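**Student:** only the shape, not the letters, is given here:
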């Protein structure tokens, strides 16, 4: 779960084995389903928002895949993952 203060929104992945992804609008008190992550969420996942910009990042230890979510476009993109030992 991450908070994007400039938007007044909280982004959340339940980690229930699905790729579900949600946003909570703190001003409107409403949850909205967003584009699902192409891989399921499990323990060991991490969301990161760098503090500015349009992207949220997701790394899942189980799949070793690194994804970037575009807030404005509502989609996920698979990014290149460094090889182990790099």
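**Tutor:** Cool, the structure landed. Just so we're clear, the structure is a prediction, and the values are computed from it rather than from any experiment.
**Student:** okay, CA-based contacts and neighbour counts for the rest of this
**Tutor:** Fine.
**Student:** tell me who's in contact with the closest residue to residue 50 other than its chain neighbours.
**Tutor:** The shortest distance from residue 50 to any non-neighbouring residue, by CA to CA, 6 or more residues apart in numbering, is to residue 56 (7.5 Å). By CA atoms under 8 Å, 6 or more residues apart in numbering, the contact list for residue 56 reads 47-50, 68-71.
**Student:** most neighbours among the residues you listed, please name it.
**Tutor:** The residue in these with the most neighbours, by other CA atoms under 10 Å, is residue 69 (21 neighbours).
**Student:** quick one on the thing from earlier: take the contacts of residue 56 and keep only those in helices.
**Tutor:** Members of those lying in helices (criterion: DSSP state H): none.
**Student:** and residue 5, how far from residue 49?
**Tutor:** Look at residue 5 and residue 49: by CA to CA, to the nearest Å, they are 11 Å apart.
**Student:** next SSE after the lowest-mean-pLDDT helix or strand in the chain?
**Tutor:** Ranking every helix and strand in the chain by mean pLDDT, DSSP states H and E puts strand 45-48 at the bottom, with a mean of 85. Next helix or strand after strand 45-48 toward the C-terminus (DSSP states H and E): strand 55-60.
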